[in-house]
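K.L.:
Need coordinates for the below:
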Amino acid sequence: MTRFNGTHLQVFYISFLVLFASCGRKGPSTGDVFSDNPLLAQYEGRKLYFQDIAGDLPAGMSGKDSAQFYNSYVDRWLKDKVLLADAASRLADKKEIESLVEQYRDELMLMRYEDQLLKEKLDTVVSREELERYYQSNKSNYKLESTIFRFVMVKATKPVADSRKLDQMWSSGNTAGGLQGLRRYCDNNAEVCFLNPGRWYKWEEVSRHIPSRLLSERNISGGMKRDFADFNYSYKIHFLEVVHPYEDPPLSFVADQAKRAILHERKRKLLELHKTERYETELRNKRITIYSR
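P.N.:
Numbers count the residues shown, from 1 in each chain. Have a look, this model is predicted:
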């Protein structure tokens, strides 16, 4: 959206007035041409000012297109206000609408205030010990629907470039140096590589990169190493850890979910405590009257 300073606003407004008048429109009924915020239209006490529209102007429009944009905007605004006045005078359930508006306003204010309280008071640090306790207490809530695993893999295009060097780097294991060397190798010579040994994967995320006739979700296990080739590619795979659906998922797999759950409970307790404290304070100060007790 276009943004105007005071000088630009005045210059643009003068240009707009000329084009506005050329379309057969009457100029602003009040306010000077050089006003920072001239009045453009009004209906039944409702007023539309120039600055109400200026922020919505799309960038890069010509003067003529801008005038057409403003003409359309003013027309839409007036039509809406006329229809709104009809609604206010003819609808039978105005009290219900006013009640809904008030309810929405209250809910919006509460939501904004609660967000502010949480920003000011919520402790968002979750320790490893707290995660562990939560995991042990809620392990049954985290059921695996498919096999998950940590692994590393290099899928190199045949003929394999620098195959001896690749073998040496692969045999060095999951050391920082070995992985760094493999990443450099993969940038230039591999079809695809998975070199993040700390990440958990699901079979469907990687299965398209592995020949199904050689490996499947059912026959993989932790510690398994495979080195094989097909017509187009050479594969090096090491499954570091495998967890099947009938086993408990590791904490590292559910840590993000567990942290969100812990923080959600903290938010709930913090807000409930604040509400209770404020309620009891107002009750002690005799600012609350309860007639039903």
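
K.L.:
My guess is Y73 contacts A54. True?
P.N.:
No - under the criterion of CB atoms under 8 Å, Y73 makes no contact with A54, lying 10.3 Å away. Bear in mind the C-beta positions are built from the backbone N, C-alpha and C, glycine included.

K.L.:
what is the rounded mean pLDDT of stretch 169-185?
P.N.:
Averaged across stretch 169-185, the pLDDT comes to 84.

K.L.:
Oh, that last question was meant for stretch 103-118, not what I typed.
P.N.:
Stretch 103-118 shows a mean pLDDT of 97 in the predicted model.

K.L.:
List the buried residues for it?
P.N.:
L118 (16 or more other CB atoms under 10 Å).

K.L.:
again, but for stretch 117-132
P.N.:
For stretch 117-132, the neighbour count (16+ other CB under 10 Å) marks 118, 126, 131 as buried.

K.L.:
Now render those as JSON lines, adding secondary structure.
P.N.:
Formatted as JSON lines, the buried residues of stretch 117-132 follow (DSSP: H, G, I helix; E, B strand; the rest coil):
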{"residue": "L118", "secondary structure": "helix"}
{"residue": "V126", "secondary structure": "coil"}
{"residue": "L131", "secondary structure": "helix"}
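
K.L.:
What is the distance between stretch 46-55 and the centre of its chain?
P.N.:
On the basis of CA atoms, centre = their mean, to the nearest Å, stretch 46-55 sits 31 Å off its chain's mean C-alpha point.

K.L.:
Renumber starting at 519 from here on
P.N.:
Okay, residue one is now 519; in that scheme the one you just asked about reads as stretch 564-573.

K.L.:
Helix, strand or coil: sort out the residue lying closest to E663 once chain neighbours are set aside for me.
P.N.:
Using CB to CB, 6 or more residues apart in numbering and skipping residues adjacent in sequence, the residue nearest E663 is P763, 6.4 Å away. Following three-state DSSP, the label given to P763 is coil.

K.L.:
From H727, how far out is E625?
P.N.:
Using CB to CB, to the nearest Å, E625 is found at 49 Å from H727.

K.L.:
ok, which stretches of the stretch 619-768 of the chain are helices?
P.N.:
646-656, 681-689, 694-707, 721-724 (DSSP state H, counting those that start in this stretch).

K.L.:
got JSON lines for those helices, with distance to G563 too?
P.N.:
Formatted as JSON lines, the helices of the stretch 619-768 of the chain follow (distance: least, CB to CB, whole Å):
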{"stretch": "helix 646-656", "distance to G563": "58"}
{"stretch": "helix 681-689", "distance to G563": "78"}
{"stretch": "helix 694-707", "distance to G563": "68"}
{"stretch": "helix 721-724", "distance to G563": "61"}
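
K.L.:
Which one of these lies nearest to I738?
P.N.:
helix 721-724 (8.2 Å; CB to CB).

K.L.:
Counting neighbours, show which residues of that closest one come out buried.
P.N.:
Going by neighbour count (16+ other CB under 10 Å), the buried part of helix 721-724 is 721, 724.

K.L.:
pLDDT of it, averaged?
P.N.:
For helix 721-724, mean pLDDT is 92.

K.L.:
Next: stretch 799-811.
P.N.:
Mean predicted lDDT for stretch 799-811 stands at 90.

K.L.:
Also stretch 780-793?
P.N.:
On average, stretch 780-793 scores 98.

K.L.:
And it, what's buried?
P.N.:
The neighbour-count check on stretch 780-793 (16+ other CB under 10 Å) flags 780-781, 784-785, 788-789 as buried.

K.L.:
same thing with stretch 571-585?
P.N.:
Using 16+ other CB under 10 Å as the burial criterion, the residues of stretch 571-585 that qualify are 571-572, 575, 584-585.

K.L.:
same thing with stretch 731-751?
P.N.:
733, 735, 738, 751.

K.L.:
List the residues that contact the first one.
P.N.:
Yep, that's L733 we're talking about. Contact partners of L733, counting by CB atoms under 8 Å, 6 or more residues apart in numbering, are 744, 755.

K.L.:
again, but for I808
P.N.:
Contacts for I808 (CB under 8 Å, 6+ apart) come out as none.
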